[in-house]
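[1] Next input, structure requested:
(chains A and B)
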Amino acid sequence: MSDLVKFTLDGRELQAAPGTLVIDAAKKAGIEIPAFCYYEGLSLQAACRMCLVEVKGAPKLLAACTLPVAENMVIETESPTVVDARKFTLEFLLTNHPLDCPVCDKGGECELQDMVFRYGAGESRFTEIKHHVDEKQWSPVVFFDAPRCILCYRCVRICDEGMGVKALGVTNRGAYSEITPNMGSHLECDECGACIDICPVGALTSGIYRYQTRPWEMDHVGTICTHCGDGCKTTLGVRNNEIIRGNNRDRSGINGEFLCIKGRYAFDFINHPDRLQSPLMRVNGKLEEVSWSKALVAVAQKFSEIKAASGKIGIIGSNRTSNEENFYLRKFAQAIGTPHLDHRRTGDIATLLDALSGRADALATAEDLYTAQSVLVVGADLAQQHPFLAFQMRANWRHHQSRTFVVTQGPVREDAFATRNLRAEPGQEIDAVTTLADDLKSSGDLIVVFGDSIRGDSLRKLVSFIASLGVPAKYICLLDYSNSRGAFDMGLIPGDGGMSAPEMLAASDLDALWVVGANPLADAALASQNAFVVVQDLFLTETAQRADIVLPAASAYEKTGTVTNTCGQVQRLSKALNVMGAKPDLDIFHLIARGMRLDLGPAQPDKIFSEIRATVKGYDIPLPVIATGGAALTNPVNGNVPHAAASAALVRGSRDTLFTSGTLGRYSPILSKVMEAPGGLYRK
Amino acid sequence: MIDEVIGSASAIAKGLSITLKEMLSPTVTEDYPDAPPKFQERFRGRHVLERDEYGLEKCVACFLCAAACPADCIYIAAEENTDRVRISGGERYASVYNIDYNRCIFCGYCVEACPTDAITHGHGFELAAYETSALILRKEQMLVPVPEGVKPPVIKEPAPAGH
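    Model (predicted):
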């Protein structure tokens, strides 16, 4: 790094690296230069003229957002000329901007409102009629009110640069310029809503949040999105026990401001009319609503009977329940002496951890994806399946010119910036990867991101091939659901002589099947005709329809606990709202255990988490990080289970796209309403 | 002795003169409850939700009254006006507007905060109730009637299927 540049800002002698923009240097020195179009992480626009500053010797005011500091530069940010310029800029912005703040959704958190309050003039001299354009709906998610737009181009840039979608542009000229979607009248995009959140004014508004409430009326609860395995933090706006919006404007959590449609809008499954609100019990062949006590007594009684008769009880756990619940369920299985415990595994993390044989520092996080010099993606359509990881890679390429290598079965969005992209059928990817050896060797530190087709032997081959390159490498094993990693780490895996989930379904002598938050009967049949089936779920799924007793469960937004994301980071769930009728799975386990007179210890999430930290390998993570809403990385050692129990052949990805999310996706009205749904993988 | 008689007589005359004067002048005492009480214009009584000249509600559910309320007694739920349902002049309207008179302190901040002059203080003061729940007034109880000669906001029937 060359020498620091010396300059004077508002009479203060400062130093900054050459090339630093005045607006950034000022921010670092604690001086605010107001701006609309300038946005950290996006390309420079210099469209709004709000950040004008006075530079000694320059004939006119200069835009601080595009002006790099220079040696001996003297900058004034509060001189009378600058103050006047800001006032006039705001007056110009307000010429066509309607003063409908009382009905505008942005009112109360609007940057223009704040700026006018702070820097603007109290009155406008503009008395002519404002140019009006009717509001447009571009998609079920996005509404656009053109007169409110101040043409800062933030939405255009976040869509193009951040998402790589390029769905927005600008048409017409001058005062008639207007943001326009890619399909003329409507949007065909990721429907992520990033443009809405980034809009400094109320020009872009969300179809979900629109006219529902005002920002100060809500409680904001930061929790972890329950959809894919990336573990994004979503801050839910809750009013009257109802989630009204999701966003992450405070940039807390690993994902900063990023969220996809699922994190931002697909919380609506919790209010779906088909949501179960009462336990169901099969009476004369039909499921009927019964009380909780009746249902729980029936389950406990039946389980006790089968246990006393040494019958076979199969337990299938969930990818979406918390670590605490999964841990407790495993304890339950041990207490009733059944080795038949499993869950649907969506990635071969077992083989990866075994192949790495406890090597420290071998698992990458999403943060590493932003800083690594090169990334190799094998067998995954990241933009569809793991949008946050894809976003990080894209940002890394834009900001650091990282090199990306893609080996997939079809076209993916990452092709656009990939150094090399190869096509290979699932299972054949390793051969293609080996042809990249020279490129990978010369590209610096590497992160390998791989999907469900890389498992067992081919994964071992991949790890030994990467090791042979001699470059520092880290891995991300893609897992598809919000707590897939946690379910594996907590040991929802067959014990000695235990059956896997498909074997349980195929066993004709199974006496009982207990399914927690999973839907194995969606694409398989239960062989045992007389099996007593208990299902805990939010909805009457195919599995629940076969059940003898269905217990309504609470969703991740309705309970506390921790989840582990696909990179192995543990984060805490916060309870956003109370739920009627349903109970958290942990409470249900506890009540059944009590009915069976089993002593499984306390059933409070906090206490169980202490137990997890003490007993599960790799989970001795710092508590303050978790407690303050941070993400703590687990150590890359094989969680709670010997890898041998987790057969690689059973790994099966969910193949969810941006617009599907297993059972929850089916019951999310917004996911099914956007015209892109259900989307598809490996499409141009 | 004579002085005493004259003195007493003048005192009685003086006293009676005031009595007679007051008998002839108009009364200031209110006859409430036999007659309605009179108020100063500025009196802050029970709130009234206003309508505009077209009979539409003035309230656009901006929540500013609820934000200004120091007693936190105003509850609003907003909904969007559509082609079929048009309740207010703005883009949205208050589908629920409750004031909890258990808590209201009649400070008038809500009236001051209202950007559309939708909420005003009326002169209603007979708020006593036998139970606290009756002190939570709904929008319908506070709205002024639709002015005469103006059609009330129409809720159109949904178009039949297939159109």
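
[2] When you work out contacts or count neighbours from here on, use the C-alpha atoms and nothing else.
    OK.

[3] quick one: buried residues of the lengthiest strand in chain B?
    Secondary structure of chain B per DSSP state E: the longest strand is strand B:92-100. Across strand B:92-100, burial judged by 16 or more other C-alpha atoms under 10 Å in any protein chain shown covers B:Arg92, B:Tyr93, B:Ala94, B:Ser95, B:Tyr97, B:Asn98, B:Ile99, B:Asp100.

[4] can you redo those as a markdown table with distance to chain A and pLDDT?
    As requested, the buried residues of strand B:92-100 are exported to a markdown table (distance: C-alpha to the nearest C-alpha, whole Å; pLDDT from 0 to 100):
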| residue | distance to chain A | pLDDT |
| --- | --- | --- |
| B:Arg92 | 7 | 91 |
| B:Tyr93 | 9 | 93 |
| B:Ala94 | 10 | 94 |
| B:Ser95 | 11 | 93 |
| B:Tyr97 | 13 | 96 |
| B:Asn98 | 14 | 96 |
| B:Ile99 | 16 | 97 |
| B:Asp100 | 16 | 97 |
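
[5] returning to that earlier point: which neighbouring elements make contact with the longest strand of chain B?
    On a contact count with 3 or more C-alpha pairs under 8 Å, 6 or more residues apart in numbering or on different chains; DSSP states H and E, strand B:92-100 meets strand B:74-80, strand B:136-137, helix B:139-142.

[6] Residue numbers of chain B in contact with chain A?
    Proximity of chain B to chain A (C-alpha under 8 Å from any C-alpha of the partner chain) is limited to residues B:60-64, B:77-80, B:90-92, B:115.

[7] Mean neighbour count and mean pLDDT for the helices and strands packed on strand B:92-100 - can I get that in TSV?
    Formatted as TSV, those follow (neighbours: other C-alpha atoms under 10 Å in any protein chain shown; pLDDT from 0 to 100):
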stretch	mean neighbour count	mean pLDDT
strand B:74-80	19	93
strand B:136-137	18	96
helix B:139-142	15	94
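
[8] can you redo the ones you listed as CSV with distance to B:Val28?
    Output for those, formatted as CSV (distance: least, C-alpha to C-alpha, whole Å):
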stretch, distance to B:Val28
strand B:74-80, 36
strand B:136-137, 33
helix B:139-142, 30
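
[9] pretty sure B:Gly122 is touching B:His47, no?
    Yes. With contact defined as C-alpha atoms under 8 Å, B:Gly122 reaches B:His47; the gap is 5.3 Å.

[10] Between these two, which is the more surrounded one?
    Per other C-alpha atoms under 10 Å in any protein chain shown, whichever of B:Gly122 and B:His47 has more neighbours is B:His47, with 24 against 16.

[11] Contact residues of chain A facing chain B?
    By the rule C-alpha under 8 Å from any C-alpha, the part of chain A lying against chain B is A:Pro102, A:Val103, A:Tyr211, A:Gln212, A:Thr213, A:Arg214.

[12] now those as TSV including neighbour count and pLDDT?
    Formatted as TSV, those follow (neighbours: other C-alpha under 10 Å; pLDDT from 0 to 100):
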residue	neighbour count	pLDDT
A:Pro102	22	91
A:Val103	22	91
A:Tyr211	25	91
A:Gln212	18	91
A:Thr213	22	92
A:Arg214	24	93
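
[13] how about these in a markdown table, adding distance to A:Val53 and secondary structure?
    A markdown table is the format used below for the residues of chain A next to chain B (distance: C-alpha to C-alpha, whole Å; DSSP: H, G, I helix; E, B strand; the rest coil):
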| residue | distance to A:Val53 | secondary structure |
| --- | --- | --- |
| A:Pro102 | 32 | coil |
| A:Val103 | 34 | coil |
| A:Tyr211 | 38 | coil |
| A:Gln212 | 39 | coil |
| A:Thr213 | 38 | coil |
| A:Arg214 | 34 | coil |
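
[14] What is the most widely separated pair among the residues you listed?
    Among the residues of chain A next to chain B, the pair separated by the greatest distance (C-alpha to C-alpha) is A:Pro102 and A:Gln212, at 12.9 Å.

[15] Distance from the helix or strand of chain A with the lowest mean pLDDT to the middle of the chain?
    Lowest mean confidence among the helices and strands of chain A (mean pLDDT, DSSP states H and E): helix A:349-356, at a mean of 88. Centroid separation between helix A:349-356 and its chain, computed with C-alpha atoms, centre = their mean, to the nearest Å, is 24 Å.
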